[in-house]
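Enquirer: just the structure for this:
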Amino acid sequence: MKGRINTALGEITINSDVIATCAGSVAVECFGIVGMAAVNMKDGLVKLLRKDSLRHGINVTLNDNKISLDFHVIVAYGVSIHAVADNLIANVKYKVEALTGIEIEKINILVEGVRVID
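Expert: Alright, predicted model coming up:
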């Protein structure tokens, strides 16, 4: 799927992988987020992804040129999950809309695990 922006000089097309990578890089900068999670639906296993594969923990859907994002995250132990999710939503909405120029309609946060930080 691709987001499209029409301008006076033509059309700008943004691939959903670009949106996912941007959103993933914003997410790992947020306090309380340890990283993105890859979920193996068959086995029910959750794996922490490396920094170079951030987009694999994010599902991007584009409907009527509006973005919906699903984040599969692992949070740090001892932090307020609600506060972390609110912070993640606010940061991703602001930065992805500023980067792409496409409105974000919905952001879903799926907490797949908790990790103790040394």
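Enquirer: give the buried residues for stretch 76-87.
Expert: When burial is assessed from 16 or more other C-beta atoms under 10 Å, stretch 76-87 yields the following buried residues: 76, 79, 84-85, 87. From N, CA and C alone the C-beta is placed, and that goes for glycine too.
Enquirer: may I see those arranged in CSV, with distance to residue 11 and pLDDT as well?
Expert: Output for those, formatted as CSV (distance: C-beta to C-beta, whole Å; pLDDT from 0 to 100):
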residue, distance to residue 11, pLDDT
76, 42, 93
79, 42, 94
84, 37, 96
85, 34, 97
87, 34, 96
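Enquirer: from these, which is closest to residue 60?
Expert: residue 85 (18.2 Å; C-beta to C-beta).
Enquirer: phi first, then psi, for that closest one.
Expert: With angles defined as degrees, to the nearest 10, residue 85 sits at phi -60, psi -40.
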